[in-house]
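Engineer: A predicted structure for the sequence below; I have some questions about it.
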Number of protein chains: 2
Amino acid sequence: MPTPNHNETVPDEMLANERDIRAKLGDRPFDFDSLHVISNIYRAAAAIRRRAEREVLSDYSLSWGGFTILWVLWIWGEMETANLAAECDLAKGTLTGMVSTLEQQGLVERERMASDRRRVTVSLTDEGRNTIEEVFPAFNAFEADMSANLDTEEKRLAAGLLRRIITRHDEPS
Amino acid sequence: MPTPNHNETVPDEMLANERDIRAKLGDRPFDFDSLHVISNIYRAAAAIRRRAEREVLSDYSLSWGGFTILWVLWIWGEMETANLAAECDLAKGTLTGMVSTLEQQGLVERERMASDRRRVTVSLTDEGRNTIEEVFPAFNAFEADMSANLDTEEKRLAAGLLRRIITRHDEPS
DNA sequence: GCCGGATAGTTTGGTACCGAACGAATGGCG
DNA sequence: CGCCATTCGTTCGGTACCAAACTATCCGGC
C-alpha cells in the first residue's frame, strides 16, 4: 500500500542501516530525520561519483573534477580562475592543479589578463570543446540512468529540496 | 506564490547556474531534470562534508571518514574489515589506512580472528567510545542545522527519494 | 599431508582535494 | 611618486581515496 512515512516513528521503508540506527539509538533525543537526509545525500553522492568515474569518465581519461571544469567552461565560456573555482565548488588551490592537468591534456588554456596581470582566464581549446561535446551526452545518459527510479515530478521535487539545503550554506572556500 | 515547478519548461526557482544551463543547452535534447537532481546531490554533499569537517570534526581531529568509522562501530559494534568497509562505503584499501590512523589515535583496535587468521576485526576502545559519544551529538546538531530549511515531512520525503537512487546502484567496491 | 585456487587484508602508485603560507601585482592614500 | 593593505594565483604539506598488485592464510581434492 503506498502510504510511506505515515507516522512519526519508523517509516515503512528504510535502508537496513537506517533501521539499525533506530534500534540502537531510538531512545535518545537525536534528530533522526536530519540524520537520514544528510547521510543519504552523502551516500548517493559517493555512489554517483564512483560510478561516473568508472563507467563514463574513465573512457576519456577525465576525473570528476576535470569533467566539471570542462562542463563549466562549456556552459559559461572563458572564466577567470576565481570564478571557475567557485562555480566548480573547488578550493582555488585545487583548481590550479586540475587546470594544469587539463592544460597538459590540451583541453584548456590559460591566459594572463592584460588589464590585471594577477588574474588568469581559462578557456576551452578546440579539442576541449570537442571532448566535452562528446562526453556530456554520455554523462547525461548516465545521470538519467542513475535517477531512473524517480519520475520527472519526483526529480524536480528532489532537486528543489536539495536546492534549499545548498542555498542555506554555500561558501565553498 | 507557492506554485513551484508548475510546468514542463523552467521551474520558478532555480539556482543561477541551473538557469544558465537551460539558456545554453535548452534547445538540445538532454535530460535536464536528471541533470539537476544529480548535480544538486553532489553539491549538497560537498557542502555538507566541507562544513562538517571544518565546523564539527576538526575540533576532535577527525576526518569525515574517521568519524564515519567510529560511528559505524558505535552502532554495530565490533566488525570485520570487509563489512566495515562496505558499511562505510569505502574501498577496503582506503579503510586500512584510516583504521591505522584511528588506531594510532587510540580510538579503535584491531584483532586477528583466531578461527581464521586472515581476518581482522575492528572495535572501539573506551576512548573511542567516549569520543563518538561526545562528537555525535554535535554532529547531529550540525545535520539538523544543515537541513533546517526543510520541515520534518520534507526531510522524510527527501530521504526517501534519495534512498531510491542509492538502492538502485550500490556496489561500493 | 600437500598443492592450487580462492579469499582477507595490506601495500603501492597515483590523483584529488583542502587549508595555509607565499609571492606577484594592484590601487588607494599620503 | 612610493608605501602598504588587499587581492590574485600558485605552491606546499598533508590526508583521503581508488584500483591493482601483492602477501598470508584457508580449504578442497588428490
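Structural biologist: Cool, got the structure. As the structure is a computational prediction, the values presented were derived from the model and not from experiment.

Engineer: make it CA atoms for all contacts and neighbour counts henceforth
Structural biologist: Noted.

Engineer: which secondary structure element contains residue A:47?
Structural biologist: helix A:32-55 (DSSP states H and E).

Engineer: mind listing what's buried in that helix?
Structural biologist: A:32-53 (16 or more other Cα atoms under 10 Å in any protein chain shown).

Engineer: next helix or strand past that helix?
Structural biologist: Criterion used, DSSP H and E; the element after helix A:32-55 is helix A:64-76.

Engineer: hmm, the next helix or strand after that following helix in reach of chain B?
Structural biologist: Once helix A:64-76 ends, the next helix or strand along the chain (criterion: DSSP H and E) is strand A:79-80. No. Taking Cα under 8 Å from any Cα of the partner chain as the criterion, strand A:79-80 and chain B are apart, separated by no less than 14.1 Å.

Engineer: could you say what helices and strands the helix or strand just after strand A:79-80 packs with?
Structural biologist: Remark: after strand A:79-80, the chain's next helix or strand is helix A:81-88, criterion DSSP H and E. Counting contacts by 3 or more Cα pairs under 8 Å, 6 or more residues apart in numbering or on different chains; DSSP states H and E, helix A:81-88 is packed against helix A:64-76, helix A:92-104, strand A:120-124.

Engineer: okay, the closest residue to residue A:108 other than its chain neighbours: pLDDT?
Structural biologist: Leaving out its chain neighbours, the residue that sits closest to residue A:108 by Cα to Cα, 6 or more residues apart in numbering or on different chains is residue A:124, at 4.3 Å. With respect to pLDDT, residue A:124 scores 96.

Engineer: In space, what's closest to residue A:144 - neighbours in sequence excluded?
Structural biologist: Of all residues not flanking residue A:144 in the chain, residue B:34 sits nearest, at 5.2 Å (Cα to Cα, 6+ apart).

Engineer: Please parse chain A into its domains.
Structural biologist: A:15-55, A:60-166 (automatic domain parsing).

Engineer: Can you flag the weakest of the ones you listed by average pLDDT?
Structural biologist: With a mean of 89, domain A:15-55 has the lowest mean pLDDT of the domains of chain A.

Engineer: which parts of chain A sit against DNA strand D?
Structural biologist: A:50, A:54, A:80-82, A:92-97, A:118-121 (Cα under 7 Å from any atom of the strand).

Engineer: And those, which two are furthest apart?
Structural biologist: Across these, the longest distance by Cα to Cα is 37.1 Å; it joins A:54 and A:118.

Engineer: Give me the distance between the residue nearest to the spatial centre of chain A and residue A:141.
Structural biologist: Nearest to the geometric centre of chain A sits residue A:45, at 7.0 Å (Cα atoms, centre = their mean). Noted for residue A:45: a distance of 17 Å to residue A:141, by Cα to Cα, to the nearest Å.

Engineer: which other helices and strands contact the helix holding residue A:47?
Structural biologist: Helix A:32-55 packs on helix A:64-76, helix A:126-146, helix B:32-55, helix B:126-146, helix B:152-166, going by 3+ Cα pairs under 8 Å, 6+ apart.

Engineer: Let's see the last one as PDB, backbone CA atoms only.
Structural biologist: I take that to be helix B:152-166. This file holds the C-alpha atoms of helix B:152-166, laid out as PDB (Å, rounded to 0.1, in the frame of the first residue of the first chain):
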ATOM      1  CA  THR B 152      10.100  17.100   9.000                       C
ATOM      2  CA  GLU B 153       7.900  15.900   6.300                       C
ATOM      3  CA  GLU B 154      10.200  17.200   3.600                       C
ATOM      4  CA  LYS B 155      13.200  15.600   5.200                       C
ATOM      5  CA  ARG B 156      11.500  12.200   5.100                       C
ATOM      6  CA  LEU B 157      10.400  12.800   1.600                       C
ATOM      7  CA  ALA B 158      14.000  13.800   0.500                       C
ATOM      8  CA  ALA B 159      15.500  10.800   2.400                       C
ATOM      9  CA  GLY B 160      13.000   8.500   0.600                       C
ATOM     10  CA  LEU B 161      13.800   9.900  -2.800                       C
ATOM     11  CA  LEU B 162      17.500   9.600  -2.200                       C
ATOM     12  CA  ARG B 163      17.100   6.100  -1.000                       C
ATOM     13  CA  ARG B 164      15.600   5.100  -4.300                       C
ATOM     14  CA  ILE B 165      18.700   6.400  -6.000                       C
ATOM     15  CA  ILE B 166      21.100   4.700  -3.600                       C
END
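
Engineer: just checking, what packs against that helix?
Structural biologist: Looks like helix B:152-166 contacts helix A:32-55, helix A:152-166 (3+ Cα pairs under 8 Å, 6+ apart).

Engineer: quick one on the thing from earlier: I figured the residue nearest to the centre of chain A hits residue B:37, correct?
Structural biologist: No. Taking contacts as Cα atoms under 8 Å, residue A:45 lies outside contact range of residue B:37: 10.6 Å.

Engineer: so the residue nearest to residue A:108 touches residue A:75, yeah?
Structural biologist: No. Residue A:124 lies out of contact with residue A:75 (Cα under 8 Å); the separation is 10.6 Å.
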